[in-house]
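Peer 1: Build me a structure from this.
(chains A, B, C and D, ligands or ions: 4)
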Amino acid sequence: MREIRYLEALSEALREEMRRDPNVIVLGEDVRVSMRGLTKGILQEFGPDRIYDTPISEAGFTGLATGAAMAGMRPVVEYQINALLFVAFDQLVDQAQKLRYMMGGQGTIPVTYLVPASGARRGLAGQHSDHPYPLLVHMGMKAVMPSTPRDAKGLLKAAIREDDPVVVFAPAALLAMKGPVPEEEFTIPLGRAEVKRPGDDLSIIAVGPLVPEALKAAEQLAQEGISAEVVDPRSLLPLDHETILTSVRKTGRVILFDDSNRTCGYAAELAAVIAEEAWESLRAPIRRLTRADVPVPFSPPLESYVLPSRDRLVEEARALLAKV
Amino acid sequence: MREIRYLEALSEALREEMRRDPNVIVLGEDVRVSMRGLTKGILQEFGPDRIYDTPISEAGFTGLATGAAMAGMRPVVEYQINALLFVAFDQLVDQAQKLRYMMGGQGTIPVTYLVPASGARRGLAGQHSDHPYPLLVHMGMKAVMPSTPRDAKGLLKAAIREDDPVVVFAPAALLAMKGPVPEEEFTIPLGRAEVKRPGDDLSIIAVGPLVPEALKAAEQLAQEGISAEVVDPRSLLPLDHETILTSVRKTGRVILFDDSNRTCGYAAELAAVIAEEAWESLRAPIRRLTRADVPVPFSPPLESYVLPSRDRLVEEARALLAKV
Amino acid sequence: MALDKTQLIGFYRTMRLIRRFEERVVELVNRDEIPGVTHEYVGQEAVATGVCAALRPDDVITSTHRGHGHILAKGGDPRRMMAELMGKASGYNRGRGGSMHIADLSLGIYGANGIVGAGAPIACGAALAGKLARSDRVAVSFFGDGGMNQGVVHEAMNLAAIWRLPVVFVCENNGYAISASISQMAAVERLADRAAAYGMPGKPVDGMDVLAVHAAAGEAVERARTGAGPTLLECRTYRFVGHFTAEKARGIKYRSDEEIARWRERDPVVTYPAWLSQQGIGDPALVEAEVEALLDEAVAFARQSAFPEAEEALDGMYAVTYPGLPARGF
Amino acid sequence: MALDKTQLIGFYRTMRLIRRFEERVVELVNRDEIPGVTHEYVGQEAVATGVCAALRPDDVITSTHRGHGHILAKGGDPRRMMAELMGKASGYNRGRGGSMHIADLSLGIYGANGIVGAGAPIACGAALAGKLARSDRVAVSFFGDGGMNQGVVHEAMNLAAIWRLPVVFVCENNGYAISASISQMAAVERLADRAAAYGMPGKPVDGMDVLAVHAAAGEAVERARTGAGPTLLECRTYRFVGHFTAEKARGIKYRSDEEIARWRERDPVVTYPAWLSQQGIGDPALVEAEVEALLDEAVAFARQSAFPEAEEALDGMYAVTYPGLPARGF
Ligand SMILES: Cc1ncc(C[n+]2csc(CCOP(=O)(O)OP(=O)(O)O)c2C)c(N)n1
Ligand SMILES: Cc1ncc(C[n+]2csc(CCOP(=O)(O)OP(=O)(O)O)c2C)c(N)n1
Ligand SMILES: [Mg+2]
Ligand SMILES: [Mg+2]
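Peer 2: Ligands and ions are numbered 1, 2, ... in the order given. Reported below is the predicted structural model:
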């Protein structure tokens, strides 16, 4: 199968959906020149009615996308930074996400929000490195975070077709990653986790940019005779409980490897689900390996300390197995 | 001991702190006439320099409070509705909460945010009934939610004196509750949970307005021979892990009774902490009893269905004990 | 646009309907038949009536916490509104929304809204969609003087201006945001002047005069419809009652009795039918009887309707559902 | 305020310092000695210099993502700035912040900020605190033409106006928010005119002329200091370089070479010293040597400084700490 980069996969997905459905439009800051490259070529191919450079008015253009969606469009909104979700927060979680329910199920609000997840390179510091997906899923907003080019293409296409608001987190650290992506048309449905590597001794539930790290760790652990299963939820909400629980029930041990803040973070949710539904199978305490609860510091040694790392994962896995 | 209402306790706390420290000022919408009564009398006693009616500019006045705090004031900011935190979200979690860290520890930002927690009366519907404390604690912001008049007074005073941003959630359902409050000066430090009722068979960790419900449920369970311990974290961040873990280690069974959304909610965090640190003592799966992940619906039967209730708690407790 | 008699009588009918609807609501709130909080539109009837009369059925409005008037004026069914207010399954939102969220997308009513100012960008989006669909649909965003100070409203006005969106921003300046007098919350005399900051026309309008409102709205709507871009109308009006139904009970006072009395003299629901009679147009008593009958029926309909089933509470959040979504609480 | 020669030379010194600081930063970024993203202030030097020269040490500024110029002009120490940019423990923020967060509260520098517009209300708060402390301290909020469309800036301007806060809003209109031309992002010619929406004076200023900026800022600061309230200055300027250091590499083009060349002709770091020489004031070469020495020292200091200890990463978030707070990730 041909190999393309994660970013190309996203970009291809977006263009394919725009060809497929004339109601798909793109909004965001600098999307016409395309800082990251995701929306490059769209102005040329689809013309100015399909792509809009916005002022620095995130709450405003987020709300505008909601209204356009209610009136039949399928806006794709790109945010330059993850933290911009905070500026638009009311329009996201209190409007776009809630309106359909509050209206008693009238209409649909098919908006896709494209958010650069952090990790592009070091040193983006405290206001450009957030991973706010726990905040969104807490408020009921559908969210996905693909970890391979194939998943990126399939999930973005599915998100654009979904008749609800969906946030797609694209980890900056993965944008350059190459991988196989089918040439023929496909989508990956929301709500399906994937076992990225099977194993027996321990389940590692890894999210987004940590999936490749977990795979490398599993490789390393395999050398030491530890067989780790790596499960990638892919879709953060809806979450595929079954695939995760099946893995944990098999291995009896689990490390939740997630790069969002710890308290009330995504790993907390995974831990709660497992503690409720697979408690009987657990042979060791659940372990969370997450980001620390501080803004990401700028300086490289500090930054490394607060982010979850492969080395720590390997250590944790060893410790967990040693406890038997 | 004299008994006063929860609202009076808050109001007394605020006035005492304003007398004690001339830098305490109050900001918010309609705080001079005081819609809820919390800030009543402040204009008269302290004059217009100490209390400000703001325009409907939550992001603006939240940021203003941050700047005033950096410059030596101790603002108390009242929000009329819990959802207004969403409108001011960037200024709260991305500015006030992060600035000190990002500045390398320079200065202090002593702001107290007073937020009406939901439950005032039925029918406030989807945009006036949120309990967004999981969002705030996820971002590292200190937060408390007192469940008695005494805790309300002591914790609000402590919050105002704290040299960091602190959110005080005042559950509307409790504002009229009467209870004993010492006349002499006192504060209740952050980070101290309280066992509100001791018990042996089961731990109920109940948050905010659910604490009185949990106590009534425990009473009812006692009649049936089930001895439930009710633990009130009081301080959501910092969280007193020890008191909670001690309880769970004793009883081996736990129900997390919390009125925030389920996914990545406060109960998820409690579940994760327990699954990590008290797993060996657990004799049954952890149970979460939370709000459903929908905006609170308006109609009474729908509303009752999505909120955690005493009746369900009693049922869950019975079921958990029956599983032995 | 010269107005014919039917239209002129129609204005009274709408204003009277709003007034009496709200008076019924107050009664029902006080009798605990309506839960939650309602914000009455009493005093401002000429604004919604004049503006919505300038709209087509396919035009869109976004409304506010004080939305009943806008919705009735845009053609909302009083029966389904009343049922919604009582939390009944036959209500516009199947009981999910209540007063602050009533919507009817088929009538272009994109919802009341519990968050001040939040509807403004939503209206812009509907306007953009109309433009892209090559329709000449117009969107109207209602908000109050208080809403004028909300950041997102500023952003929305700028977006509409730079993209020449077919939007009319209707600022209902009733002088107060709850207790906060706009004279203290803005340092400008005329909120309409803020339009200049976005390069669009802004116009103060007598919001107690339905004909003046209608004329100004007509012009602004026409401008929008023909692609000339947005307009800001500042309709100066007044609410005769408390911010919400329960205000009275709280003993909060921020307006003088004289001020209220002065504005009451200009009550459009009184002065307008008087003018109609003077002109010999229609029979106000007939209109009033008709309105009363309609509201009797609305209240009866709402009362007779059933509450939704509790178990339905988790339906309708998503258009596309998945197992376990949304999560139950237990 | 007549300016003496020391001041006039000082202006050049500051502008030159900013320019050369930024040029060093670019080099260091390209050599990977500075991690992350930096936004250079090249071209806009006259604005920060003119404004900050009108301030007292106890006056407060809030800055932006493009903050180096403001911070240097307000008296920031280039050594500690450079150390911060390299992520060293001796940096202003002990390595926690980097370019977008440099702060020195003791100099009234309330921080650069990674979120466009976010500093505006913070400046208002500092101004209110000054007023309450009966000081005549002034606060300046810097933001760009892009920031002008952010809701919170609108809210802040209104708050400052209604409370007559001693604030000067300095909009640095460099024509672009990254690639977005302000001519397409606002439908008004002069952003200064937005001041009228809040009832405060607004003034367009030639941002390439340090003397003009200084004069306008002096007036606005005086107005604020004497209790007459806020002012909006629109300083028209230009950045000669990319939005951030790496822009060039991305091959993004949104400005014509002619446009850049036209503005380059007005480069204040070239035209101003030429004017000084013409007037026979000072010796630019001396200033330049002095600046170079300062920067050599700053870079050397930064390079020699140690990185912070990794384990310190959890310190400093809270002024009041508790066990287990902030939570570690493992
Ligand atoms: C963003 C936001 N802030 C505050 C509130 C609480 N609140 C509800 S209505 C209102 C006053 C609104 O004033 P205005 O916009 O003038 O409308 P009016 O009530 O006068 O019709 C306030 C402060 C809210 N719902 N949303
Ligand atoms: C609220 C917000 N939106 C978007 C961004 C991304 N961003 C950083 S700088 C910038 C452009 C800012 O333009 P302007 O305010 O004119 O300042 P300039 O860069 O021209 O100095 C943008 C869009 C951000 N940091 N914050
Ligand atoms: Mg009003
Ligand atoms: Mg700019």
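
Peer 1: C:L72 is in contact with C:M81, isn't it?
Peer 2: Yes - taking contacts as CB atoms under 8 Å, C:L72 lies within contact range of C:M81: 7.2 Å. Just so you know, the C-beta spots here come from the backbone N, C-alpha and C atoms, and that holds for glycine as well.

Peer 1: which residues are common contacts for these two?
Peer 2: Shared contacts of C:L72 and C:M81, defined by CB atoms under 8 Å, 6 or more residues apart in numbering or on different chains, comprise C:F21.

Peer 1: where along the stretch 151-300 of chain A do the helices fall?
Peer 2: A:210-223, A:241-251, A:266-277, A:300-306 (DSSP state H, counting those that start in this stretch).

Peer 1: what's the spacing between the third one and its chain's center?
Peer 2: Distance of helix A:266-277 from the chain centroid (CA atoms, centre = their mean, to the nearest Å) equals 18 Å.

Peer 1: mean confidence for that helix?
Peer 2: Across helix A:266-277, pLDDT averages out at 98.

Peer 1: Same check on the second one?
Peer 2: Mean pLDDT, helix A:241-251: 98.

Peer 1: so does that helix get close to chain B?
Peer 2: No - if you take CB under 8 Å from any CB of the partner chain as the test, helix A:241-251 misses chain B, and the best it gets is 11.4 Å.

Peer 1: Which elements pack onto that helix?
Peer 2: On a contact count with 3 or more CB pairs under 8 Å, 6 or more residues apart in numbering or on different chains; DSSP states H and E, helix A:241-251 meets strand A:194-197, strand A:202-206, strand A:228-232, helix A:266-277.

Peer 1: one step back: so which of the helices of the stretch 151-300 of chain A is the most packed in?
Peer 2: helix A:266-277 (a mean of 27; mean count of other CB atoms under 10 Å in any protein chain shown).

Peer 1: for that one, packing partners?
Peer 2: Against helix A:266-277 (3+ CB pairs under 8 Å, 6+ apart) you get helix A:133-138, helix A:241-251, strand A:254-261, strand A:287-291, helix B:266-277, strand B:287-291.

Peer 1: quick one: it to strand B:287-291, angle?
Peer 2: 120 degrees (axes from the mean of the first three to the mean of the last three CA atoms, to 10 degrees).

Peer 1: Show me what helix A:266-277 is in contact with.
Peer 2: With contact meaning CB under 8 Å, 6+ apart, helix A:266-277 is reached by A:133-134, A:137, A:205, A:207, A:233, A:236, A:239, A:241, A:244-245, A:248, A:254, A:256-258, A:260, A:262, A:282, A:286, A:288-290, B:263-264, B:267-269, B:271-272, B:274-276, B:285-288.

Peer 1: if you set the cut-off to 7 Å instead, what comes out?
Peer 2: A:133-134, A:205, A:207, A:236, A:241, A:244-245, A:248, A:254, A:256, A:258, A:260, A:286, A:288, A:290, B:263-264, B:267-269, B:271-272, B:275, B:285-288 (CB atoms under 7 Å, 6 or more residues apart in numbering or on different chains).

Peer 1: what do you get for stretch C:297-316?
Peer 2: Contacts of stretch C:297-316 (CB under 7 Å, 6+ apart): A:100-101, A:104-105, B:292, B:294, B:297, B:299, B:301-302, B:304-306, C:24, C:78-79, C:82-83, C:86-90, C:94-96, C:326, C:328.

Peer 1: what's the neighbour count on A:P180?
Peer 2: 11 (other CB atoms under 10 Å in any protein chain shown).

Peer 1: ok, now the one 4 residues further on?
Peer 2: Applying other CB under 10 Å, we find 4 other residues in the vicinity of A:E184.
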